[in-house]
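K.L.:
using only what follows, build the 3D model:
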Amino acid sequence: MRVRAGVAYDGAPFHGFAVNRDVRTIAGDLEAVLARVVGSEVVVTCAGRTDRGVHAAGQVLSFDVPDDVDLGKLCRSVNRLCAPSIVMSDIEAAEDDFDARFNATGRTYRYRVLNRPRPDPLLSPTTWHVAEALDMSAMNTACADLIGEHDFTSFCRRRKNPLSESAKVLVRRIEEAAWSGPVDDVLVFEITASAFCHQMVRSIVGVLVPIGAGWLPVTGVAKVLAALDRQAAGKPAPPQGLSLWSVRYPVG
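P.N.:
Predicted structure coming up:
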């Protein structure tokens, strides 16, 4: 039986989503627990792989389990064994050809910035503390240059295996990108696209925040895009502020 499940997780204890035998990962924990509960090997596919320290509120998984598995009990077992770091929010039988990654038509990420002079120990696990006052209007003006289809070579870290990527793999279409807030001194950047490449959102935030601080002009995003050079974007924003917020699928 093909299964579709929604999961949320705190990325801090994990070295990213994908299985890695040498370190703890989201998929590694989930596959071990699922195999233990159903009594057979389970391989999970996710809608969007997240890096070390990145969180998820609306990750979606697909995987296969024996036909006689009670999905309600499976969900409760996963949460009993994986919570609080990983929580399965819902689970249902899916079409046999459902694939969490390839059937997805859109992904939305959120990045949270705590913007005030002093940090907050309770917010530090899920925000990037920036002490300098940020001009949200300037950052939103710069966001306009992200909308549409662009080559994001400057904003993407290439995977270790260059043979796995075609020449066009770093071309992406951004549907929406904007900052909102502040709410309790927290600014939220939300961005939606059909797909993202490695470290793309963190690299974009890593350029937008200096624009908001006045260290770069509002044309900074356009200039970095045009450079087609990963070094032009500088250091990406830290991972703890980023969450995979939701995944979109065709209706019906």
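K.L.:
next, count neighbours for Ala195.
P.N.:
Residues lying near Ala195 (other C-beta atoms under 10 Å) number 15. (Each C-beta comes from the backbone N, C-alpha and C, glycine too.)
K.L.:
so who does the residue nearest to it when sequence neighbours are not counted touch?
P.N.:
Counting by C-beta to C-beta, 6 or more residues apart in numbering, the nearest residue to Ala195 once its immediate chain neighbours are dropped is Arg172, at 6.2 Å. Arg172 is in contact with 149-150, 152, 193-197, 200, counting by C-beta atoms under 8 Å, 6 or more residues apart in numbering.
K.L.:
just how off-centre is stretch 38-46 within its chain?
P.N.:
From the chain centre to the centre of stretch 38-46 is a distance of 22 Å (C-alpha atoms, centre = their mean, to the nearest Å).
K.L.:
doesn't the residue nearest to Ala195 lie inside a strand?
P.N.:
Yes: looking at Arg172 with DSSP: H, G, I helix; E, B strand; the rest coil, it is inside a strand.
K.L.:
bridge partners for it, pull those for me.
P.N.:
His150 (DSSP bridges).
K.L.:
hang on, the earlier thing: just the buried residues of the contacts of Arg172.
P.N.:
Listed as buried from those are 150, 152, 193, 196-197, 200; burial here means 16 or more other C-beta atoms under 10 Å.
K.L.:
export the residues you listed to TSV and tack on pLDDT?
P.N.:
Output for the buried ones among the contacts of Arg172, formatted as TSV (pLDDT from 0 to 100):
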residue	pLDDT
His150	95
Phe152	96
Ala193	97
Phe196	95
Cys197	91
Met200	96
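K.L.:
from those residues, which two are the most distant?
P.N.:
Maximum pairwise distance among the buried ones among the contacts of Arg172 (C-beta to C-beta): 12.4 Å, between His150 and Phe196.
K.L.:
returning to what we had before: okay, and which of the buried ones among the contacts of Arg172 map to helices?
P.N.:
Members of those lying in helices (criterion: DSSP state H): Met200.
K.L.:
so which of the buried ones among the contacts of Arg172 comes closest to Pro217?
P.N.:
Among the buried ones among the contacts of Arg172, His150 lies closest to Pro217 (C-beta to C-beta), at 18.5 Å.
K.L.:
great, nothing more from me.
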